[in-house]
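*Asks:* A predicted structure for the sequence below; I have some questions about it.
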Amino acid sequence: MALPEFLTGAPFQEYKYEGTIVNAFSMAILQELNTRNVLNPVSALRGEVNYSSDSTWRADLHMDLRELRIFTDALRKYGYYEENWMEVKFFRKGGESGKPVVPALKSTFLLLNDLIRLCTLVPDNLAGEKSKAARYLLHAYQGDPWQYLTKSRNDHGRRSERLWVDQLTKPGRHEVEIHDLKKEESKSFQDAVGKQANQIKLNAVVSNLVHSPYQLGDENYYIVLTRIDSFRVKVASRWYARREQVLHESHEGLSLSFPRLISGLIS
């Protein structure tokens, strides 16, 4: 709720990099923890955290909220978790041209890469147990978000749509279905997601909290906080999923090996 103030209010300076968005969000969390009299609240936040000891992938932010001591089964049914993992994307313009710093197609695929990692690489409990980890994707856009995302693609001479782009940016609760990555044949997809990532099929239910000004312009931001409530990621006959906060797997022990499988497919 504090991000519009942190990003646009006086006397805050102009934000230009992804790290500053992470810092702004972290400061907002610290303020909240301080108001709740949490001892040593800085220890609850870690930036650039490896998903696991053998993973080269890092999450932008990890929030351990166990010290709040508020968690009950009833509260968890609202989607609250003690451990919280977040990836952050900041899309902006730059230079004299005033054009997006990163081409829209690449930005689209970088967002997809984050979604895949959050579903599959976050350390969690074993299959059959209740999940312990929330997964968040924070994405902020300078001005109109559609300057930075590409929904339409060339599909063998015809145009088809990446419906998941809409589902990640619009307010509310949405069902995301990504089963057509075989159609992504561009070098941008191979560089941003992975040459073999087209084998991945993903379903998810997400809840988007959106901050949007009355009128979008380069002086303000369209801010989306996407919470991944449930998901199912499949490669060939193997899949890993979370439904109603419980973890599931297609093969015994897959929850332990699936992160390595996905890491080998994505860039």
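*Replies:* Here it is on my side, so go on. Since this is a predicted model, take the numbers as computed values, not measurements.
*Asks:* how many neighbours does the spatially closest residue to residue 44 that is not a sequence neighbour have?
*Replies:* Nearest non-adjacent residue to residue 44, counting by CB to CB, 6 or more residues apart in numbering: residue 64, 5.1 Å away. To be clear about C-beta, it is placed using only N, CA and C from the backbone, and glycine gets the same treatment. Counted by other CB atoms under 10 Å, the residues lying close to residue 64 total 13.
*Asks:* and if you look at residue 138?
*Replies:* Residue 138 has 23 nearby residues by other CB under 10 Å.
*Asks:* hang on, isn't it packed against residue 18?
*Replies:* No - using CB atoms under 8 Å, residue 138 is not in contact with residue 18; the gap is 9.9 Å.
*Asks:* now do the shared contacts for the two.
*Replies:* Jointly contacting residue 138 and residue 18 under the rule CB atoms under 8 Å, 6 or more residues apart in numbering are 88-89.
*Asks:* and the residue nearest to residue 44, what does it touch?
*Replies:* With contact taken as CB under 8 Å, 6+ apart, residue 64 is in contact with 43-46, 82-84.
*Asks:* just those now: which is nearest residue 249?
*Replies:* Taking CB to CB as the measure, residue 83 is the one of the contacts of residue 64 closest to residue 249, at 19.7 Å.
*Asks:* what's opposite the closest one in the beta bridge?
*Replies:* Beta-bridge partners for residue 83, by DSSP bridges, are residue 64, residue 133.
*Asks:* next, count neighbours for it.
*Replies:* 17.
*Asks:* so it is in contact with residue 62, correct?
*Replies:* Yes - applying CB under 8 Å as the test, residue 83 and residue 62 come out as touching, 7.3 Å apart.
*Asks:* low pLDDT regions in this protein?
*Replies:* Under the criterion of pLDDT under 70, the regions of the chain flagged as low confidence span 10-16, 53.
*Asks:* can you give me the helices in it?
*Replies:* Assigned by DSSP state H, the helices in the chain fall at 3-8, 18-35, 73-76, 104-120, 163-169, 187-192, 254-265.
*Asks:* any chance of those in TSV, plus mean neighbour count and distance to residue 143?
*Replies:* Supplementary listing: the helices of the chain in TSV, determined by neighbours: other CB atoms under 10 Å; distance: least, CB to CB, whole Å:
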stretch	mean neighbour count	distance to residue 143
helix 3-8	16	12
helix 18-35	17	15
helix 73-76	11	36
helix 104-120	22	13
helix 163-169	19	13
helix 187-192	17	22
helix 254-265	17	33
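*Asks:* TSV please, covering those and showing distance to residue 234.
*Replies:* Listed next are those as TSV, based on distance: least, CB to CB, whole Å:
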stretch	distance to residue 234
helix 3-8	34
helix 18-35	30
helix 73-76	26
helix 104-120	11
helix 163-169	15
helix 187-192	19
helix 254-265	10
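*Asks:* ok, which of the ones you listed comes nearest residue 232?
*Replies:* With CB to CB as the measure, helix 104-120 is the member of those nearest residue 232 (8.4 Å).
*Asks:* all the strands of the stretch 151-267 of the chain, residue numbers only.
*Replies:* Ranges of strands within the stretch 151-267 of the chain are 152-155, 158-161, 172-178, 200-211, 221-235, 238-243, 246-249, based on DSSP state E, counting those that start in this stretch.
*Asks:* give me whichever of the ones you listed is most buried.
*Replies:* Highest mean neighbour count of the strands of the stretch 151-267 of the chain: strand 221-235, a mean of 20 (counted as mean count of other CB atoms under 10 Å).
*Asks:* just want the angle from that one to helix 18-35.
*Replies:* Relative orientation of strand 221-235 with respect to helix 18-35: 100 degrees, computed using axes from the mean of the first three to the mean of the last three CA atoms, to 10 degrees.
*Asks:* name every strand pairing with strand 221-235 and say which way it goes.
*Replies:* Sheet pairing here is set by DSSP bridges, and for strand 221-235 it gives strand 133-142 (antiparallel), strand 200-211 (antiparallel), strand 238-243 (antiparallel).
*Asks:* and the residue nearest to residue 127 when sequence neighbours are not counted, how far from residue 192?
*Replies:* Ranked by CB to CB, 6+ apart and with sequence neighbours excluded, the top spatial neighbour of residue 127 is residue 249, at 4.0 Å. Using CB to CB, to the nearest Å, one obtains 28 Å as the distance from residue 249 to residue 192.
*Asks:* no further queries at this time; thank you.
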